[in-house]
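# Give me a 3D structure for the following:
(chains A and B)
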Protein chains: 2
Amino acid sequence: MTIIAVDAMGSDNRPAPDVAGSLLAARDLKGITIILIGNEPRIAAELNKYDASGLDIHIHHANEEISMIDKPSAVIKSKPNSSIHVGIRMVRDGEADAFVTAGNTGAAMGVAMLRRVGLGRIPGVKRPALGAVFPIKTRPFLIDGGANADCRPEQLLQFGIMGSLYIERVTGIKRPRVGLMSNGSEEGKGNTLIREAHALLQASDLNFVGNIEPKDFANGRVEIAVTDGFTGNLIIKASEAIAIYIKERLREEIQASKIATVGALLSRNAFKTVANDANADEVGGVPLLGVNGVVVIAHGSSSERAIHQAIIKAKIAVEHKIVDAIREGLA
Amino acid sequence: MTIIAVDAMGSDNRPAPDVAGSLLAARDLKGITIILIGNEPRIAAELNKYDASGLDIHIHHANEEISMIDKPSAVIKSKPNSSIHVGIRMVRDGEADAFVTAGNTGAAMGVAMLRRVGLGRIPGVKRPALGAVFPIKTRPFLIDGGANADCRPEQLLQFGIMGSLYIERVTGIKRPRVGLMSNGSEEGKGNTLIREAHALLQASDLNFVGNIEPKDFANGRVEIAVTDGFTGNLIIKASEAIAIYIKERLREEIQASKIATVGALLSRNAFKTVANDANADEVGGVPLLGVNGVVVIAHGSSSERAIHQAIIKAKIAVEHKIVDAIREGLA
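Numbering: from 1, shown residues only, chains lettered A, B, ... in the order given. Below you'll find the predicted structure:
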């Protein structure tokens, strides 16, 4: 039985998608117990909208709330009874196997990383990192997706190791290919950080293919792209911005012409397939790798589908003993 | 009369698009003289394919060639008679008003920046930078697009000043809005470089709007986005990769269905409009700002249309006295 603690007060539209997504997961997955964490009356009211009979789903009250605009540095210490704190402590204390939240990312990372309030880092881990899956067909994995804005070369090496262990465990791909995201694929390209990290990755036991560019990443040349959290986050955000831009421009141009509108209706399944592929909700959430427990962070605008997927991701990480894998891999 | 020196041996398919694009410009623009630089017999043979009678277009021989795989650091000193060297010296010596090249970007930047072989920096300029225009409808301007992989905060401030002067001159927009590209729009977001640059930009006379994210950039919230050359280059490359990915995925899905294929035929004008908008060839080239002369760098895969646009961009920069504007602005 895998016990997943879910932050019911996490998403922008809480608790609706958080609760509905948990119900989907409880129905869909075998051998799973879900504990919804947060304001008990609000969660109960939401749960009552559905038929949850026979599902292994429970509520655990947490009386403090963290909003998206709360400064992580402030709330990590000042709100010890938030749903994020309570959920992460349950993982620490063995009352849950994983924690899933669509709440304040900075707060979730901070609480997870600090041993005093949460899980703490796995021994030897310099900085935990977010492993972001790109919502494109090849589903490439980028680490760090935004946990660490400033990085040192040794941290990038560890991101490569943690990402490699994670992908090997969850996908079964042996010795997955690791690339270093740079502004050119030739060796020597990049800034000082990238050039120094390149040397470390080259000397490691990883299946390191060298520098890669975003197009290599999109084309599936690697399973794992290593980057600092600032660059990684901007690559994700630039990709999202361009995808939305193209979608809106196409809609604009199609709507401006009657015949194009008819054409688009005929080809709407093709559009839908591509859009579904690229739907961030299908990815669900990203694992925070390097902490003493499984924590999956979903985006604030998560739908119930996204929460469902994030719970699946958490269950897989628990079943494949990702924390042990990283602990052993870094030992 | 504006004299534009064009590297005829620059593009991947040289000299065909370089010569054809120059002919388009010579026909299209008033008050322009074009000097094609490079291997005289090859350029002459290419020119002979067209009717160039009455056009103010000439050939200037350069007997060395730089390829895309040449290391800039090696060729800057070892090939003083390449088309890049000869063209940039003509600008330095007042024989041409601007130089346009689709050749090796690193070599062109290096030759332009070094006073001994080329133009040198405008007094006070710490590092010249590439001003990249995004091929989307709002045509946002990003500086640095890739000249400097490692930057200091004062350099980012200068990029903002140079970009602001350039955009004000060429577009006529008074006090264009300047944003600092970051992983969140709130103040305090970003890595150390960004946080320090934020303080400098805030204290400057620029119309600084604070941190921006890629979506703000795509939506036209600013005229100018400031970034280091590593991040800037990756944002450009990630955007290109995603645009190509979406295009190919749509094509794939549409071709898989007969009815979708018919639909796409009916809406093909809408697709074409969006694709043309997003065509990097329409942008043509990017100015290298901060050197003692007008240099416009086009991408290696430039079509004749791209060369044509790059020449227009060079002519506008000359007419608006961009170099004087930056010299005065930084004095």
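
# avg pLDDT for stretch A:103-110?
Average pLDDT, stretch A:103-110: 93.

# quick one: the longest helix along chain A near chain B?
Ranked by residue count and defined by DSSP state H, the top helix of chain A is helix A:229-255. Yes. Applying Cβ under 8 Å from any Cβ of the partner chain, one finds helix A:229-255 touching chain B at A:229-231, A:233-235, A:237-246, A:249-250, A:253-254. All C-beta atoms are positioned from the backbone trio N, CA, C, and that covers glycine.

# Generate a PyMOL selection restricted to the buried subset of those residues.
The PyMOL command for the buried members of the residues of helix A:229-255 next to chain B (criterion: 16 or more other Cβ atoms under 10 Å in any protein chain shown) is given here:
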select buried, chain A and resi 229+230+231+233+234+235+237+238+239+240+241+242+243+245+246+249+250+253+254
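
# got the domain boundaries for chain A?
For chain A, automatic domain parsing gives the domain ranges A:1-125+A:290-331, A:131-280.

# who are the neighbours in contact with the closest residue to A:D70 other than its chain neighbours?
Nearest residue to A:D70, sequence neighbours excluded (Cβ to Cβ, 6 or more residues apart in numbering or on different chains): A:N104, at 5.9 Å. By Cβ atoms under 8 Å, 6 or more residues apart in numbering or on different chains, the contact list for A:N104 reads A:66-68, A:70, A:72, A:75, A:84.

# For B:A129, see how far away A:N104 is.
36 Å (Cβ to Cβ, to the nearest Å).

# ok, the residue of the stretch 1-150 of chain A found nearest chain B - how many residues close by?
Using Cβ to the nearest Cβ, the single residue of the stretch 1-150 of chain A nearest to chain B is A:A149, 4.0 Å away. By other Cβ atoms under 10 Å in any protein chain shown, the residues close to A:A149 number 22.

# Hmm, it is touching A:F230, no?
Yes. Checked against Cβ atoms under 8 Å, the pair A:A149 and A:F230 is within contact range at 4.4 Å.

# what is in contact with these two at once?
Taking Cβ under 8 Å, 6+ apart as the criterion, A:A149 and A:F230 both touch B:183, B:190-191, B:194.

# If you rank those by neighbours, which is first?
Neighbour counts for the shared contacts of A:A149 and A:F230, by other Cβ under 10 Å, peak at B:I194, which reaches 26 neighbours.

# The residue nearest the centre of chain A bridge partners, please.
Nearest to the mean C-alpha position of chain A, by Cα atoms, centre = their mean, lies A:V286 at 0.9 Å. Here A:V286 sits in beta bridges with A:I297, going by DSSP bridges.

# Quick check, it in contact with A:A129.
No. If you go by Cβ under 8 Å, A:V286 and A:A129 don't touch, sitting 9.6 Å apart.

# Spit out the residues that contact the two alike.
Both A:V286 and A:A129 are contacted by A:G145, under the criterion Cβ under 8 Å, 6+ apart.

# Nearest to B:G290 among the contacts of A:N104?
Using Cβ to Cβ, A:P72 comes nearest to B:G290 of the contacts of A:N104, at 38.4 Å.

# Need the phi and psi values for the closest one.
Main-chain dihedrals, A:P72, degrees, to the nearest 10: phi -50, psi -40.

# How about it, nearest residue that isn't a chain neighbour?
In space, A:P72 is closest to A:G106, 3.2 Å off (Cβ to Cβ, 6+ apart).

# touching chain B at all, the helix or strand of chain A with the lowest mean pLDDT?
Lowest mean confidence among the helices and strands of chain A (mean pLDDT, DSSP states H and E): helix A:280-283, at a mean of 75. No. On the criterion Cβ under 8 Å from any Cβ, helix A:280-283 is out of touch with chain B, staying 13.1 Å away.

# returning to that earlier point: export the shared contacts of A:A149 and A:F230 to TSV and tack on distance to B:E282?
Below are the shared contacts of A:A149 and A:F230 laid out as TSV (distance: Cβ to Cβ, whole Å):
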residue	distance to B:E282
B:N183	29
B:G190	31
B:N191	33
B:I194	30
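
# My reading is that A:D205 is in a helix; is that accurate?
No. Read with DSSP: H, G, I helix; E, B strand; the rest coil, A:D205 is coil and lies in no helix.

# Measure how buried it is and give me the count.
For A:D205, the neighbour count with other Cβ under 10 Å is 9.

# Going by mean pLDDT, which of the domains of chain A comes out lowest?
domain A:131-280 (a mean of 92).

# Now do the end-to-end distance for that domain.
14 Å (Cα to Cα, to the nearest Å).

# Pull out the buried positions in stretch A:79-95.
Buried residues in stretch A:79-95 (16+ other Cβ under 10 Å): A:79, A:82-92.

# and that stretch, C-alpha only, in CSV?
Only the C-alpha atoms of stretch A:79-95 are listed here, as CSV (Å, rounded to 0.1, in the frame of the first residue of the first chain):
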residue,chain,number,x,y,z
LYS,A,79,3.4,28.6,9.3
PRO,A,80,4.4,25.2,10.7
ASN,A,81,0.8,23.9,10.4
SER,A,82,0.3,24.7,6.8
SER,A,83,-0.8,21.9,4.5
ILE,A,84,2.7,21.9,3.0
HIS,A,85,4.4,21.6,6.4
VAL,A,86,2.0,18.9,7.7
GLY,A,87,2.2,16.9,4.5
ILE,A,88,6.0,16.9,4.4
ARG,A,89,6.2,16.0,8.1
MET,A,90,4.0,13.0,7.4
VAL,A,91,6.6,11.8,4.9
ARG,A,92,9.4,12.5,7.3
ASP,A,93,7.6,10.6,10.1
GLY,A,94,6.7,7.6,7.9
GLU,A,95,3.0,8.4,8.0
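
# who's in contact with it?
A:3, A:5-10, A:35, A:37-38, A:60, A:62-66, A:70, A:75, A:96-99, A:101, A:103-104, A:107-108, A:111-112, A:117-119, A:292-295.
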